[in-house]
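[1] generate coordinates for the sequence data below:
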Amino acid sequence: MRHFLPHRCLLCGATGGDQTLCPACYASLPWHQSPNCPRCALPTTDGLTCGHCLKTPPAFDRAVAALRYEFPLDVLIQALKYRHQFALAPLLGAALAESVRQSAPRPDVLIAMPLHPSRLRERGFNQALELAKVVAGRLDLPLLAQGAERIRATPPQVGLPWKERAESVRGAFACTINLSGKHVAILDDVMTTGTSLHELGLALRKRGAAEISAWVVARTMP
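    Numbering: from 1, shown residues only. Okay, the predicted model is just below:
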């Protein structure tokens, strides 16, 4: 029966065990362990807040990234996102859960980066929500699947120049629930410029969120 066949590592093809990646490939993933800005998770020489965040602070108070968005992690995230390789959600979600368990204060609630309804119909699922389910389960956190929404369809961020990304998502989010005094963690798969996380954070602040963390599986490096 297929259920009892050994798994094959998605990267090297090795058989055996019951994991999506073999131990060697998992250990060799590009873990984000170098000193980085606590506000945006970009590398800094001393682990202190970077100049950009000092000058223009984002709407979130801190960011945690488990890995760097480079090969082969980029291939894995794209496989989940565009080729429906759902077996990767537990793997990537577990990696993020372990990272935030070690380095981030515990939030009151967890919210996944929402997709616009048109994008959700096109893709069939929200990869951020699938990852958030794993993280919420592992950390025993309440996951708010409703209440935060993307109210304006925007072009994919990956297809835009960096300077246009902030404008494209401005005012794209809304929150309909009371978050007064809450520490909210926003979860997404990849953080590049942080503009989507910032705009969602602004919407959550309007509903009373007192503290906001940004949790991402991967951070794009400069």
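[2] name the helix or strand of this structure that has the lowest mean pLDDT.
    Counting by mean pLDDT, DSSP states H and E, the chain has its least confident helix or strand at helix 162-169, which shows a mean of 64.
[3] so what touches the following helix or strand past that one?
    For helix 162-169, the following helix or strand on the C-terminal side (DSSP states H and E) is strand 173-175. The contact list for strand 173-175 (CB atoms under 8 Å, 6 or more residues apart in numbering) reads 114, 147-151, 199-200, 202-204, 206-207. (Glycine included, C-beta is placed from N, CA and C.)
[4] am I right that residue 185 sits in a strand?
    Yes. Assessed with DSSP: H, G, I helix; E, B strand; the rest coil, residue 185 lies in a strand.
[5] and the closest residue to it other than its chain neighbours, which of the three is it?
    Sequence neighbours aside, residue 107 is the residue nearest to residue 185 in space, at 4.0 Å (criterion: CB to CB, 6 or more residues apart in numbering). Assigned with three-state DSSP, residue 107 falls in the coil class.
[6] CA atoms of the top helix by length along the chain as PDB?
    The single longest helix within the chain, with elements called by DSSP state H, is helix 88-103. The C-alpha coordinates for helix 88-103 follow below in PDB (Å, rounded to 0.1, in the frame of the first residue of the first chain):
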ATOM      1  CA  LEU A  88       6.000  20.900   2.800                       C
ATOM      2  CA  ALA A  89       3.700  23.000   5.000                       C
ATOM      3  CA  PRO A  90       4.400  20.800   8.100                       C
ATOM      4  CA  LEU A  91       8.100  20.900   7.400                       C
ATOM      5  CA  LEU A  92       8.400  24.700   6.900                       C
ATOM      6  CA  GLY A  93       5.900  25.400   9.700                       C
ATOM      7  CA  ALA A  94       7.800  23.300  12.100                       C
ATOM      8  CA  ALA A  95      11.000  25.100  11.200                       C
ATOM      9  CA  LEU A  96       9.400  28.500  11.900                       C
ATOM     10  CA  ALA A  97       7.800  27.300  15.100                       C
ATOM     11  CA  GLU A  98      11.100  26.200  16.500                       C
ATOM     12  CA  SER A  99      12.700  29.600  15.500                       C
ATOM     13  CA  VAL A 100      10.100  31.700  17.200                       C
ATOM     14  CA  ARG A 101      10.000  29.400  20.300                       C
ATOM     15  CA  GLN A 102      13.700  30.100  20.800                       C
ATOM     16  CA  SER A 103      13.800  33.900  20.100                       C
END
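[7] tell me what it is packed against?
    On a contact count with 3 or more CB pairs under 8 Å, 6 or more residues apart in numbering; DSSP states H and E, helix 88-103 meets strand 62-68, helix 73-83, helix 127-139, strand 183-191, strand 211-219.
[8] how far off centre is it?
    Computed by CA atoms, centre = their mean, to the nearest Å, the chain-centroid distance of helix 88-103 equals 10 Å.
[9] now, of the helices and strands packed on helix 88-103, which is deepest in the fold?
    strand 211-219 (a mean of 26; mean count of other CB atoms under 10 Å).
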